[in-house]
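K.L.:
got a predicted structure here, sequence first:
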Amino acid sequence: MHKKLNESFIITLLFILFLTALGTFIYILLTIRHYEYFNAIIKKESDELYVVNLDRKKVIQNNLLINLNYNQKIYNFKIEILDAYAESGIQINSPSLVEFMNENNIYSTVIFFSKPDVTYFNKVMNVLKELIT
């Protein structure tokens, strides 16, 4: 009797542990974001920054995260895209990026935009909706 109770307790405990691990795995998998990456050239003119060769249609949201590779290190900066268009490109605002470029004497460099696309949960739900309808 005692052995059977002990076995059922261990089986119940393992089942709860399995469900917890499965739930955690599904939660992590479905909350991971898919990012879309594209590159552009950024120019600094006095204290103004301009993004060259970037299609405005690619950038839907106003606040983006950019990645800059300098001396084998990747730096991240948040930028705000202004509505000002000039011959030089799309004007952006990022005081920390201007300061970084001034400190390192950078006037033009390649940057990489990372735009959060959708979560995998949204992708799974869209596929399920298509299968149902």
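P.N.:
Sure, I can see it.
K.L.:
where does the prediction get shaky in the protein?
P.N.:
1-2, 55-63, 83-86 (pLDDT under 70).
K.L.:
50 instead?
P.N.:
Low-confidence segments of the chain, defined by pLDDT under 50, are absent.
K.L.:
the helices in it, which residues?
P.N.:
For the chain, the helices defined by DSSP state H occupy 2-31, 95-103, 120-132.
K.L.:
who wins for proximity to A40 among those helices?
P.N.:
Proximity to A40 (Cβ to Cβ) singles out helix 95-103 among those, at 13.0 Å. All C-beta atoms are positioned from the backbone trio N, CA, C, and that covers glycine.
K.L.:
okay, and the beta partners of the closest residue to E48 other than its chain neighbours?
P.N.:
Once flanking residues are discounted, E48 sits nearest to Q91: 6.3 Å by Cβ to Cβ, 6 or more residues apart in numbering. With DSSP bridges as the criterion, Q91 is bridged to Y50.
K.L.:
so Q91 touches V52, yeah?
P.N.:
No - applying Cβ atoms under 8 Å as the test, Q91 and V52 come out as separate, 11.2 Å apart.
K.L.:
ok, these two, which is more surrounded?
P.N.:
Of the pair Q91 and V52, Q91 is the one with more neighbours under other Cβ atoms under 10 Å, namely 17 against 12.
K.L.:
got the CA coordinates for stretch 107-123 in CSV?
P.N.:
Written as CSV, here are the backbone C-alpha positions of stretch 107-123 (Å, rounded to 0.1, in the frame of the first residue of the first chain):
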residue,chain,number,x,y,z
TYR,A,107,30.4,61.5,-40.5
SER,A,108,28.9,58.6,-42.5
THR,A,109,28.5,54.9,-41.7
VAL,A,110,26.3,51.9,-42.3
ILE,A,111,23.6,51.2,-39.7
PHE,A,112,21.2,48.3,-39.3
PHE,A,113,17.6,48.9,-38.4
SER,A,114,15.7,46.2,-36.4
LYS,A,115,12.0,46.5,-36.6
PRO,A,116,9.9,44.2,-34.5
ASP,A,117,7.6,42.4,-36.9
VAL,A,118,5.1,40.3,-34.9
THR,A,119,5.2,37.7,-32.2
TYR,A,120,5.1,34.1,-33.0
PHE,A,121,1.9,33.9,-31.1
ASN,A,122,0.3,36.2,-33.7
LYS,A,123,1.7,34.2,-36.5
